[in-house]
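> Okay, predicted coordinates and the sequence, questions at the end:
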Amino acid sequence: MRTSARRARPTARVVRRRLPMRYLLPLLFLVALLAMLMLRGYVHSEILADHRVRPPADSDQVPENILKGGPVIDARGGITPKAMSVPDKTLVLTFDDGPDPAWTPKVLDKLKEFDAHAVFFVTGTMASRHPELVERIVAEGHEIGLHTFNHPDLSFQTQRRIDWELSQNQLAIAGAAGIRTSLFRPPYSSFSAALDNESWPVTQYIGSRGYITAFNNTDSEDWKRPGVEAIVKRATPKGTEGSIVLMHDSGGDRSQTVAALDRFLPEMQQRGYEFANLTEALGAPSAHTRVTGPELWKGKAWVAAVAVSEETTGALTVGLAAIGVLVIARFGLMLVLSFGHARKVRRRRFRWGPAVTEPVTVLVPAYNEKECIENTVRSLMASDHPIEVIVIDDGSTDGTADIVDAMWLPNVRVVRQVNSGKPEALNNGIRNARHDIIVMMDGDTVFEPPTVRELVQPFGDPRVGAVAGNAKVGNRDSLIGAWQHIEYVMGFNLDRRMYDMLGCMPTIPGAVGAFRREALERVGGMSEDTLAEDTDVTMAMHRDGWRVVYAERARAWTEAPESVQQLWSQRYRWSYGTMQAIWKHRRAVIESGPSGRFGRVGLPLVSLFMVLFPLLAPLIDVFLLYGLVFGPTEKTVVAWLGVLAVQAVCAAYAFRLDNERMVHLISLPLQQILYRQLMYVVLLQSWITALTGGRLRWQKLRRTGVVEAPGSIPSQRQSSEDRRPVA
């Protein structure tokens with residue numbers, strides 16, 4: 001009997017790829033920042049604002065009873081529009097365009113002093129930003145009226161925009177004081193007799209939405225600031241007739257308005273006038289209605305969102321000002337100290353101490369460096385200083401060690417180890433070194449013939465424990481290479497001159513650095529605690545009391561990343577490793593002696609200039625973009641160009657010190673716009689990785705082996721199809 005069984009087809013697993021937190025958080029941060037900036041622009045009338053004002057038009061379509069009637073228009077409920085006036089011996093003081101944090105409280109104080117009421121026609125933008133003043137106005141018995149959200153001339157607007165202006169104005173009032181109002185005053189309005197064929201349809205539509213429109217029939221013209229006497233005179237009605245008086249509590253300096261109230265209120269009260277709310281004067285129900293439920297919570301949420309936006313953008317503005325000061329201070333400090341450093345070390349009789357002529361050991365840690373290792377080793381063989389070379393092969397799988405062995409060069413040894421990481425490879429090299437001065441370089445770097453000699457001369461000073469060389473980008477033929485070239489010359493080497501003078505050099509570059517063996521042994525060698533072992537060991541040497549200096553003539557040519565992804569990986573590791581090193585040595589801040597000096601001078605400078613400042617620097621570009629779109633464009637451009645000019649001066653000086661061609665600075669503006677943003681996101685990602693407790697692994701970059709020392713003989717391993725080395 002034959003049986004068969006059907007196997008169930010395996011169900012394909014749906015793999016849901018989640019966006020890593022290190023990408024999600026920066027994205028959410030940028031979206032939130034954009035939302036807050038847009039909200040800030042909206043409530044400051046920088047977005048969707050319309051400042052057009054229509055000139056007077058014909059008025060033949062406006063009813064006669066409206067043109068010759070009172071200043072209050074009631075066109076509600078489909079009834080025939082009617083005009084109403086204020087009774088005799090009654091004044092309705094109205095204040096437009098507020099509430100203002102400087103002048104509205106002073107106006108309220110005067111009203112309270114003379115037991116007078118008034119109507120405040122507030123804009124949504126001001127009410128959203130100062131809800132506490134709206135709440136005080138209502139609490140002290142005054143009335144609130146709408147004056148639109150953004151103060152546009154409504155005769156230019158569609159019905160949809162008018163509805164939006166009214167609803168947003170009501171939303172702000174609801175969130176501030178928990179009420180809505182039925183009073184309205186159009187922006188740019190005056191007397192009801194000035195209504196024309198363009199503004200009258202708007203008044204009718206406003207009435208159909210349930211609002212009473214309040215114009216005025218006595219204009220104090222306080223906005224002109226004609227003087228207290230003139231304001232009082234223009235606000236005073238004729239005889240005993242009632243009047244609606246127009247004043248302002250916002251929009252500029254209102255000191256004359258406040259001073260005029262101090263005279264106007266008691267004088268009119270002595271004449272028997274009463275200062276009443278509009279509905280009181282008309283004998284109508286209160287214009288205020290309490291708001292509850294979802295409408296109230298929507299208003300409170302709106303006011304809270306505006307408050308968060310105001311606080312955040314205010315802090316960003318302060319941060320931008322601080323950044324501006326820091327930029328100028330940092331560049332000024334760099335220029336002064338770099339000039340001092342160059343002047344000191346370039347003096348004809350300058351010596352670090354007795355000339356260093358004894359042989360030194362050069363360590364070359366290498367992991368899968370087959371493209372570069374031959375150029376690296378051959379450049380060392382051209383050195384004019386006696387050296388031994390130790391290539392530590394860290395478990396390479398591409399035959400790196402075999403390439404070196406096949407070169408059969410004197411004084412070159414290969415030490416093989418299982419893959420253990422760069423710090424252990426360097427420590428292994430130190431153990432195998434025969435000499436007391438140890439030079440370290442990367443496997444993708446080449447030295448000039450004088451590099452080793454120049455690098456070790458500072459050890460003539462017995463206080464020197466480590467020396468940083470002058471690392472240069474060899475592959476500058478691409479735009480991203482040119483940007484890194486500017487960064488190396490200006491951002492790294494100019495910085496090192498400054499830190500040398502301050503005695504707090506934060507990093508001996510892995511591409512070109514030298515150490516005294518005794519100093520290395522005293523700090524425990526290269527540590528695996530951080531991903532920036534060069535920064536870690538340099539900080540440890542400072543804390544141990546050693547001097548760390550910069551040798552400008554010890555030039556090394558390194559292969560910089562040639563793609564955005566490789567650059568991202570490298571700088572992500574550098575940034576994260578620097579944070580780890582700062583955190584590891586944080587106790588230096590409270591210690592005494594050399595460690596305390598570095599902790600209280602070096603660590604704050606490194607934290608400020610290498611971690612915090614780059615994180616805030618893109619605010620310059622954020623506000624540039626915002627200013628170009630919504631703000632004062634000319635001032636924004638001038639300010640940004642000013643910052644760029646300062647950077648250009650520093651960059652030009654750095655290039656001059658290093659005898660570099662100025663032509664590469666052509667790409668500096670583009671570098672500031674694009675490259676700096678990439679560095680910002682990398683640093684932000686490093687912060688997030690640190691704060692979320694993430695771990696970052698060492699990431700090997702792809703190399704091409706195109707970099708050779710200037711004047712060297714090209715390697716025979718390169719074919720005619722290889723890329724021409726830029727250096």
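Structure's in. What do you need?

> immediately after the helix or strand where residue 256 lies, which helix or strand?
For residue 256, the element it lies in under DSSP states H and E is helix 255-270. Counting by DSSP H and E, the next helix or strand C-terminal to helix 255-270 is strand 274-275.

> ok now that following strand, how far from the chain's centre?
52 Å (Cα atoms, centre = their mean, to the nearest Å).

> Over to stretch 117-124?
The chain centroid and the centroid of stretch 117-124 are separated by 37 Å, computed with Cα atoms, centre = their mean.

> ditto for stretch 158-165
Taking the mean of its C-alpha atoms, stretch 158-165 sits 35 Å from the chain's own mean (Cα atoms, centre = their mean).

> go on, stretch 207-217?
The answer for stretch 207-217 is 45 Å, by Cα atoms, centre = their mean.

> Would you mind listing the outside residues contacting that stretch?
70-78, 81, 85, 94, 119, 121, 145-146, 163, 166, 182-186, 189-192, 203, 206, 243-246, 278, 287 (Cβ atoms under 8 Å, 6 or more residues apart in numbering). C-betas here are computed from N, CA, C, even on glycine.

> Packing partners of the helix holding residue 256?
helix 104-113, helix 228-235, strand 274-275 (3 or more Cβ pairs under 8 Å, 6 or more residues apart in numbering; DSSP states H and E).

> what residue ranges in the stretch 501-650 of the chain score low on pLDDT?
For the stretch 501-650 of the chain, applying pLDDT under 70 flags the ranges 615-620, 631.

> where along it do the strands fall?
Per DSSP state E, counting those that start in this stretch, the stretch 501-650 of the chain carries strands over the ranges 513-516, 547-558.

> Walk me through which strands the first one pairs with, and which way each runs.
Using DSSP bridges, the neighbouring strands of strand 513-516 in the sheet come out as strand 437-440 (antiparallel), strand 464-473 (antiparallel).

> Give me the angle between the last one and strand 547-558.
The one in question is strand 464-473. Here the directions of strand 464-473 and strand 547-558 differ by 30 degrees (axes from the mean of the first three to the mean of the last three Cα atoms, to 10 degrees).

> Now do the buried residues in the helix or strand that comes right after strand 464-473.
Toward the C-terminus, strand 464-473 is succeeded by helix 479-486 as the next helix or strand (DSSP H and E). Residues of helix 479-486 classed as buried by neighbour count (16 or more other Cβ atoms under 10 Å): 480-486.

> Against which helices or strands is helix 479-486 packed?
For helix 479-486, the packing partners by 3+ Cβ pairs under 8 Å, 6+ apart come out as strand 464-473, helix 564-584, helix 668-670.

> Could I get the average pLDDT for that helix?
Regarding helix 479-486, the rounded mean pLDDT is 87.

> Please compute how far that helix lies from its chain's middle.
23 Å.

> Mind pulling up the pLDDT for residue 89?
Confidence at residue 89, expressed as pLDDT, is 95.

> from memory it sits against residue 268, does it?
No - if you go by Cβ atoms under 8 Å, residue 89 and residue 268 don't touch, sitting 9.5 Å apart.

> Between the two, which is the more surrounded one?
For residue 89 versus residue 268, neighbours defined as other Cβ atoms under 10 Å are more numerous around residue 268 (22 against 15).

> who's in contact with that one?
Contacts for residue 268 (Cβ under 8 Å, 6+ apart) come out as 91, 236, 275.

> Compare these and tell me which has the most neighbours.
residue 91 leads these on contacts (other Cβ under 10 Å) with 28 neighbours.

> What does that one show for phi and psi?
Torsion angles at residue 91 (phi, psi; degrees, to the nearest 10) stand at phi -120, psi 130.

> shouldn't residue 643 be in contact with residue 327?
Yes - look at residue 643 against residue 327 with Cβ under 8 Å: they come within range, at 6.1 Å.

> State whether residue 93 is indeed within a strand.
Yes - under DSSP: H, G, I helix; E, B strand; the rest coil, residue 93 falls within a strand.

> Just the helices from the stretch 301-450 of the chain, written as ranges.
For the stretch 301-450 of the chain, the helices defined by DSSP state H, counting those that start in this stretch occupy 373-381, 400-407, 422-432.

> per-residue confidence averaged over the longest one?
Predicted confidence along helix 422-432 averages 94 (mean pLDDT).

> and of the helices and strands packed on helix 255-270, who's closest to residue 332?
helix 104-113 (42.1 Å; Cβ to Cβ).

> Show me what whatever helix or strand comes next after that closest one is packed up against.
Using DSSP H and E, the next helix or strand after helix 104-113 towards the C-terminus is strand 118-122. On a contact count with 3+ Cβ pairs under 8 Å, 6+ apart, strand 118-122 meets strand 90-96, helix 104-113, helix 131-139, strand 143-146, helix 159-177, strand 183-184.

> Format the ones you listed as JSON lines; extra columns: distance to residue 680.
Output for the helices and strands packed on strand 118-122, formatted as JSON lines (distance: least, Cβ to Cβ, whole Å):
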{"stretch": "strand 90-96", "distance to residue 680": "44"}
{"stretch": "helix 104-113", "distance to residue 680": "40"}
{"stretch": "helix 131-139", "distance to residue 680": "34"}
{"stretch": "strand 143-146", "distance to residue 680": "43"}
{"stretch": "helix 159-177", "distance to residue 680": "34"}
{"stretch": "strand 183-184", "distance to residue 680": "47"}
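
> Contact partners for the closest residue in space to residue 576 that isn't next to it in sequence?
Nearest residue to residue 576 in three dimensions, chain neighbours excluded: residue 686, at 4.3 Å (Cβ to Cβ, 6 or more residues apart in numbering). The contact partners of residue 686, taken as Cβ under 8 Å, 6+ apart, are 572, 575-576, 579.

> Of these, which is the most crowded?
Neighbour counts for the contacts of residue 686 (other Cβ under 10 Å) peak at residue 575, which has 26 neighbours.

> For the residue nearest to it when sequence neighbours are not counted, give me the pLDDT.
Residue nearest to residue 575 in three dimensions, not counting chain neighbours: residue 686, with 3.9 Å by Cβ to Cβ, 6+ apart. Confidence at residue 686, expressed as pLDDT, is 74.

> Surely residue 192 and residue 85 touch.
No - Residue 192 is beyond contact range of residue 85, at 9.9 Å (criterion: Cβ under 8 Å).

> ok, these two, which is more surrounded?
Between residue 192 and residue 85, counted using other Cβ under 10 Å, the more crowded position is residue 192 (26 against 18).

> Look at residue 415 and say how many residues are nearby.
Residue 415: 17 surrounding residues under other Cβ under 10 Å.

> got it, and residue 347?
Neighbour number of residue 347 under other Cβ under 10 Å is 9.

> For it, give me its contacts.
Taking Cβ under 8 Å, 6+ apart, one finds nothing in contact with residue 347.

> does residue 30 sit in a helix or strand, and which one?
Counting by DSSP H and E, residue 30 is found in helix 21-43.

> And the next helix or strand past that helix?
From helix 21-43, the next helix or strand downstream (DSSP H and E) is helix 64-67.

> how far does that following helix sit from the chain's center?
So, by Cα atoms, centre = their mean, the centroid of helix 64-67 is 57 Å from its chain's centroid.

> pLDDT (mean, whole number) over that helix?
Mean pLDDT, helix 64-67: 93.

> Describe which strands the helix or strand that that helix is followed by pairs with in its sheet and in which direction.
Going down the chain from helix 64-67, the next helix or strand is strand 72-74, by DSSP H and E. On the basis of DSSP bridges, the sheet neighbours of strand 72-74 come out as strand 82-84 (antiparallel), strand 212-214 (antiparallel).

> Next, the buried residues of the first one.
Spelled out, that is strand 82-84. 83-84.

> for stretch 648-660, same thing?
In stretch 648-660, counting by 16+ other Cβ under 10 Å, buried: 648, 650-651, 653-655, 657-658, 660.

> Can you lay out the residues you listed as TSV showing secondary structure and distance to residue 197?
Formatted as TSV, those follow (DSSP: H, G, I helix; E, B strand; the rest coil; distance: Cβ to Cβ, whole Å):
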residue	secondary structure	distance to residue 197
648	helix	58
650	helix	63
651	helix	62
653	helix	67
654	helix	68
655	helix	68
657	helix	73
658	coil	73
660	coil	71
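
> Alright, calling it a day.
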